[in-house]
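**Student:** Quick one: sequence and predicted model below, then my questions.
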Amino acid sequence: MAEFLFELLVEDMPVSHQKIAREFLKGKIEGFLQESNFSYDGLEVYSTPRRITLVIKGELVAPPTEELVVGPPVNLAFDEEGNPTPAATGFARRMGVEVEELERVEKGKGEYLALRVRREAPSFQEVFPTFLAQILTKIPFPKTMRWNGHRFSRRVKNLLASYDGGDVEMEAFGLRATRITRGHRIFSPIFVQVSSAEGYFRDLRDAFVVAKNQEREEMISRGLEARAQTYQSPPQEVMEFWRDSVEYPAVFSGSFPEKYMELPSEIITSSLEKEMGLYLLKNDQGPVNKFVGVADNPGSDLSKIIAGNERVARARLEDALYFWKKDREKSLEELRQELENILYNDVVGSYLKKTQRLETLAEKLVSDGVADPILKEAAALCKSDLVTELVGEFPSLQGIAGGLILRHQGKPEELWRAVYDHYRPSGSGDRLPATQEGKLLSLVDKLDHLVVAFATGYRPSGSGDPLGVRRATLGIIRLMVEGKLNVGLSQLIETAMGLLAEEITLSASLEEEIKEFILKRAEQKFSSEGYPYDYVRAVLEAEGLDLSAAYEKLQALEKIRDSEALTALVQAHRRIKNITSGQPPREVNPDKLSSPHEKNLMEIITAVETASRDYLENRDYLSFLDGLLSTVPFINDLFENLMIMDKDPEIRDNRIALLQRAEALFKKFVDFTRLQEP
Amino acid sequence: MSIQDLIFSLQKFWAEQGCFIAQPYDLEVGAGTMTPDTFIRVLQEDELKVAYVQPSRRPTDGRYGENPHRVAKHFQFQVVMKPAPEDIINVYLRSLEAIGIELTSHDLRFAEDDWEAPTLGAWGIGWQVLLDGLEITQFTYFQQAGGVDLKVIPVEITYGIERLEMFLEEKDNIYQLEWGGGKTYGDLRLQEEKEFSRYHFEEADREMLFRLFEMFEEEAENLLEKGLVLPAYDHVLKCSHTFNLLDARGAISVGERAKYILKIRDIACRVAEKVVEGKNG
């Protein structure tokens, strides 16, 4: 059993960079070990702000490989008497063997002399350090530091590498690996000499560094149990941030004067969490005037740290309280007028104009009967908080600040909640707005963003999307699908374009491009959830921008995916299409249906047509599929017992018409012929 | 330790590290980075060790002397070393110990904060240093200044004097800090904060400032053409401060804001080019 240990010591890396590095290194190293057939039992990757640690355990040997080296063709290798020619002796000499040791192999049309050569696999120490040094420079950090011709998240200070306790030849970032590292920067800046992974973790711990992320998280959990047990525990992302911000965690708790509880908890949270990394405690009744934090300190007396954090917290809350009071001196209606001076887009102008467009879009939704009239007021006021001091200080409060001000003014919940939530979902992990009006406001806001960007010539590129159009579009898709919005997206796009047409000239292909863009993103989104690509294409072709219907059809298909039912439907639809494709549309003449096979099919189709109206209306797609399935035996019966292409043109056309009728019913769901059979 | 003792200690410490102690630059600037001792020298010299106090004016931060933490003018203690010494973080930690901070009783963090000065075409990689949650230092490795990629990477360490002092005195109010000589910060600065807040937010003559901006800009261009790089740079600083005044006075919309920043950056970048040329020629 061998063991490879590596540590890169670095000046403090951001938490997000550590995660990128851990995931990248794990993936690349696993790939390398598997490709080069190195047997290994475990790969561990850890990080702190100051170090990345790797431990690889196992045999760490790769089996020898065998290669077949092919020489001259047999007919040229021996003369008529069967003696080897210079071609054969030359080949044997080059390979360092006698001609007798060569074997004969069939290759293509001929027979050749050949030799099997066994190659020992290179040793782990030979190849792995070189590979590691290379991939360390390739970690995809969002931003890197440059120094002395090197690049990394931050300056690299030291490399440690050891194989089974011995030295390893390795060089990276202008440094040579040794078996020495350092402990905690403040509490134990001494050198630590390492001879095994176990010793490494133990000695570092003595030097006040807990190198394993999970162990630090457990220490924090225990600290929280001791100090904040009666409160709700912080979410995982806070735990991870704490864990990866320190080398030796210590949990502390503090409090602030009761008077700041007058502030909405969102504002308190922004004041304390941003930069300070403190977490506001909540019990069943809501937030209390207490916080917890994590210090990088192994000492037992945290009193100065607590007092210092409390002092900074007070100062920040005092500022926030000042802003909160000042921002409410003017109403959001008044603040809205100041939006005239805030540019939303170089071509189409200010945020004031943007809110005017949003108002019109909201009005359309109201007149379509999709939204409550209050949506229009929400649309008018939703951007006003961009000129408040609070949003100036805490940009992440945009929307929220406006909502809080409206709530404080005693406005109805539908109104303030819509404004409060309308930037959501702001990323793939974010939740949707809580209310119907919030979802609709978010939808029109994002749709306007998309349409304005495209109308002014902007297109997201492979490498960049500074306006966040992809994110906005993904938001639109999630609002439609997860938010189950029953909104005519196409008409809404037309309205949004109409509003811009008053200001700028729109290209003729704009509408098509926008719709294509949304559909393409939806296709990617649905596929990324694991739905088969052909299903995704089929439902989007059937439903277009009615994304929530498309998604529900996708789910229905997924439910019958592995059953015989789906095969039956696909085969039936194909059979029908073979006949109907290229035929002009025809009407069935019931009087001309002569055989029971035709009559039976007509009867079932008519029945299913009637029943399916409700199913489609209520999006009860599974019942629809059941109905469709009940037609299949009759379709098969028709094909098996009758010649569709009868000599009598009247009979033939009527049979085609009947199949067209059946096909129309299938296509109410999707074009099943586009699906691969399961 | 009073503010003046704090400054003395930092000066002494960094002088012992080989820095020359410069005096504050005699123009209004928003930060120590903007003075020629940093901006020009990091472009000019491959070896540089300098430290100095720089009064820094940020008109929009004024609060009429009513907010105990925010002021329109504060003092920075600026250290620049090029190339950045290998163990500079440890040297910095020792500087904190030199002013009496016992690090083992506190929580010191290097929190991600990549500094950027758009008007100077400058940015770097680094951290804000938090001591028990209080930001006491901006610590940056410059990557670019005046749009020029720096070959030798400097480190810039900017201590916020008032922040540090509030920490040392454990006080909540900036105006109660001891300056030295029996004076408080409030004795020396409160009236100034009140008057300048009123000036910045209410009384500054916008028309005059717009005219001044144009005049400074033109003069910077003229001087640059004549090869007078340092005087040209002084006028970049004057443009920058005038812009800050206009901004505080609410005379510049968001759209225009970006345009003014670009104007200043454009001249600053051309100054930087000349400095680099001069160094090579």
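**Tutor:** In hand now; what should we look at? Numbering: from 1, shown residues only, chains lettered A, B, ... in the order given.

**Student:** Please identify the buried residues of stretch A:595-605?
**Tutor:** By 16 or more other Cβ atoms under 10 Å in any protein chain shown, the buried positions in stretch A:595-605 come out as A:597-598, A:601-602, A:604-605. Heads up, the C-betas are built off the backbone N, CA and C, glycines and all.

**Student:** Could you do stretch B:143-158 as well?
**Tutor:** Neighbour counts over stretch B:143-158 (16+ other Cβ under 10 Å) mark B:143-146, B:148, B:150, B:153-158 as buried.

**Student:** near chain A, from these?
**Tutor:** Among the buried residues of stretch B:143-158, the ones lying near chain A by Cβ under 8 Å from any Cβ of the partner chain are B:143, B:153.

**Student:** Not counting stretch A:536-554 itself, show me its contacts.
**Tutor:** A:477, A:480-481, A:483-486, A:489-490, A:493, A:515, A:518-519, A:522-523, A:526-527, A:531, A:535, A:557, A:619, A:621, A:667, A:669-672, A:674-675 (Cβ atoms under 8 Å, 6 or more residues apart in numbering or on different chains).

**Student:** let's go with 7 Å and repeat that
**Tutor:** A:477, A:480-481, A:484-485, A:489-490, A:515, A:518-519, A:522-523, A:526-527, A:531, A:535, A:619, A:621, A:669-671, A:674-675 (Cβ atoms under 7 Å, 6 or more residues apart in numbering or on different chains).

**Student:** Alpha carbons of it, in PDB - could you do that?
**Tutor:** Extracted in PDB, the C-alpha atoms of stretch A:536-554 (Å, rounded to 0.1, in the frame of the first residue of the first chain):
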ATOM      1  CA  VAL A 536     -37.600  17.500 -25.500                       C
ATOM      2  CA  ARG A 537     -37.500  18.400 -29.200                       C
ATOM      3  CA  ALA A 538     -40.900  16.800 -29.800                       C
ATOM      4  CA  VAL A 539     -42.800  18.500 -27.000                       C
ATOM      5  CA  LEU A 540     -41.200  21.900 -27.800                       C
ATOM      6  CA  GLU A 541     -42.200  21.500 -31.400                       C
ATOM      7  CA  ALA A 542     -45.700  20.700 -30.400                       C
ATOM      8  CA  GLU A 543     -46.100  23.500 -27.800                       C
ATOM      9  CA  GLY A 544     -43.700  26.200 -28.900                       C
ATOM     10  CA  LEU A 545     -43.400  28.900 -26.200                       C
ATOM     11  CA  ASP A 546     -46.200  27.400 -24.100                       C
ATOM     12  CA  LEU A 547     -43.400  26.100 -22.000                       C
ATOM     13  CA  SER A 548     -45.400  24.800 -19.000                       C
ATOM     14  CA  ALA A 549     -47.600  22.700 -21.300                       C
ATOM     15  CA  ALA A 550     -44.500  21.400 -23.000                       C
ATOM     16  CA  TYR A 551     -42.900  20.500 -19.700                       C
ATOM     17  CA  GLU A 552     -46.000  18.700 -18.500                       C
ATOM     18  CA  LYS A 553     -46.200  16.700 -21.700                       C
ATOM     19  CA  LEU A 554     -42.500  15.800 -21.100                       C
END
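
**Student:** Model confidence at whatever residue of chain B ends up closest to chain A, what's the number?
**Tutor:** Proximity of chain B to chain A (Cβ to the nearest Cβ) peaks at B:Asp132, 2.7 Å away. Residue-level confidence at B:Asp132 comes out at 96, pLDDT.

**Student:** which ones are touching it?
**Tutor:** By Cβ under 7 Å, 6+ apart, the contact list for B:Asp132 reads A:304-305, A:308-309, B:106-107.

**Student:** ok, how many other residues are close to A:Leu381?
**Tutor:** When neighbours are counted by other Cβ atoms under 10 Å in any protein chain shown, A:Leu381 registers 26.

**Student:** oh sorry, the question was meant for B:Met1
**Tutor:** Neighbour count for B:Met1, taken as other Cβ under 10 Å: 16.

**Student:** and what of B:Glu86?
**Tutor:** For B:Glu86, the neighbour count with other Cβ under 10 Å is 10.

**Student:** Check for me that it belongs to a helix.
**Tutor:** No: counting by DSSP: H, G, I helix; E, B strand; the rest coil, one finds B:Glu86 to be coil, located in no helix.

**Student:** Skip the chain neighbours and tell me the closest residue to it.
**Tutor:** Of all residues not flanking B:Glu86 in the chain, A:Lys157 sits nearest, at 8.0 Å (Cβ to Cβ, 6 or more residues apart in numbering or on different chains).

**Student:** Could you give me the buried positions within the strand or helix carrying that neighbour?
**Tutor:** Assigned by DSSP states H and E, A:Lys157 belongs to strand A:156-163. Within strand A:156-163, the residues that count as buried by 16+ other Cβ under 10 Å are A:156-163.

**Student:** Give me the mean pLDDT for it.
**Tutor:** Here the average pLDDT along strand A:156-163 is 96.

**Student:** what packs against that strand?
**Tutor:** strand A:2-10, strand A:175-176, strand A:180-182 (3 or more Cβ pairs under 7 Å, 6 or more residues apart in numbering or on different chains; DSSP states H and E).
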